[in-house]
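[1] Give me coordinates for this.
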Amino acid sequence: MPSRRPYQNQQHPHIGPWTEPLHRPLTYLKRAGKAGSYPLRGIWFFLCNREFWPLFMSRILPLSLISFLVYFVLFTFTFLPQYAFLAIFHGWGAWVNAVVLVLGEGLVIIQGLFEGFFVDECRVDVFDYLLAIVRVTDINQAALIKLGHKDLIAPQRILFLDAPNPVRMLGKPTTDAVYTPWSIIQIVELIVFLPLNFVPVVGTPAFIIITGTRLGKLAHYRWFQLKGYSKVEQKKALRDRAWEYVWFGTVAMILELVPVLSLFFLLTTTAGAAQWTAEIEDEVRTSDGNVQNGQNGYRGQIGHNEQEQYDDHHPDAPPPPYTDDLV
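    Residues are numbered from 1 along each chain as shown. Just a heads-up that it's a prediction; the model follows:
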């Protein structure tokens, strides 16, 4: 039975007096880099696993065409007026803000009309498939390690363990299966923060990071479902990894702003979220196993000491072995 305990970062490396001032910022930088790499790992996973492609192709082609049409209309009719207005405040750099502004407007339309209704079911399949049969690249050993977590998926959906390939292993969900809940609040937030692109220099990065932070917090919504977390447990898990979610979501947001390929990157980011989940699960289970082994060893030592005390003090205990100290 997998642990329900929310994962916490528990890295406490030995630090000396010379490295202590840099330890905290370097740790935050390392955590940000690792979290931000998962959306990119999802792309690599897709390219390396052909059996994974059918999950994408069934939805990607028609939705990519729709995405192309949306951005074509927006860039044709709205880019130049917005660029002209932004040039008053930004000068030569106005085109960057104008591009991001139009991409953000397109993202609002795509998310509001298509993403929640046509892609979420596919994202659930991608996440569940990877969590059950996931391969994570270990850079240190340059090897692919299989990290299966079928025990998380099995209570929530039918699994055909004798299927010819892992994709066909997935049956229909036995409970409500949602990767990210469709929310009008999320759409409104995108609209509210779009004007940040009018702010020179810092406006566009602020828009991406702020909206990406919310996107990152939704990356593990399906995992929380599978674990059966209560709202309190979900909040604790989100709080424990708040810094990681900022940078996972920021990278994911940048990928989603890519025209036409945004829906493709939406699914590869889901693959990256599943890889992240698998690593967290393994870390938690390894930690729990070490604690259990330590407790068993402690109990064994106590039992051994109690037996020694029994042998020393019990009236029916045999005498100690004979030794001749004079020889």
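[2] which regions of the stretch 201-327 of the chain lie under the pLDDT threshold?
    Within the stretch 201-327 of the chain, the ranges that satisfy pLDDT under 70 run 288-327.
[3] hmm, try it at 50
    The stretch 201-327 of the chain contains residues with pLDDT under 50 at 298, 310, 326-327.
[4] what's the helix or strand containing residue 54 packed up against?
    Counting by DSSP states H and E, the element that carries residue 54 is helix 53-77. Here helix 53-77 touches helix 94-110, helix 120-132, helix 262-313, going by 3 or more C-beta pairs under 8 Å, 6 or more residues apart in numbering; DSSP states H and E. Where C-beta positions appear, they are placed from N, C-alpha and C, glycine not excepted.
[5] And the first one, what's buried?
    What it means is helix 94-110. 94, 97-110 (16 or more other C-beta atoms under 10 Å).
[6] same check, this time on the shortest one
    Taking 16+ other C-beta under 10 Å as the basis for neighbour counts, the residues of helix 120-132 that come out buried are 120, 122-132.
[7] Which residue, other than its chain neighbours, is closest to residue 209?
    residue 250 (5.3 Å; C-beta to C-beta, 6 or more residues apart in numbering).
[8] Tally up the residues packed near that neighbour, please.
    23 (other C-beta atoms under 10 Å).
[9] show me what contacts it?
    36, 208-209, 212-213, 216 (C-beta atoms under 8 Å, 6 or more residues apart in numbering).
[10] Next step: the residues you listed restricted to helices.
    36, 208-209, 212-213, 216 (DSSP state H).
[11] got the angle for the helix or strand encompassing the residue nearest to residue 209 vs helix 94-110?
    Taking DSSP H and E as the definition, one finds residue 250 inside helix 242-256. For helix 242-256 against helix 94-110, the angle by axes from the mean of the first three to the mean of the last three C-alpha atoms, to 10 degrees is 100 degrees.
[12] Return the set of buried residues in helix 242-256.
    Buried-residue list, helix 242-256, by 16+ other C-beta under 10 Å: 244-256.
[13] show me the contacts for residue 191.
    residue 108.
[14] Closest one of the buried residues of helix 242-256 to residue 220?
    Comparing the buried residues of helix 242-256 against residue 220 with C-beta to C-beta places residue 245 closest, at 8.3 Å.
[15] wait, doesn't that closest one sit right on residue 237?
    No - applying C-beta atoms under 8 Å as the test, residue 245 and residue 237 come out as separate, 10.0 Å apart.
[16] quick one on the thing from earlier: quick check: what element follows the helix holding residue 54 along the chain?
    helix 79-90.
[17] Fine by me, thanks again.
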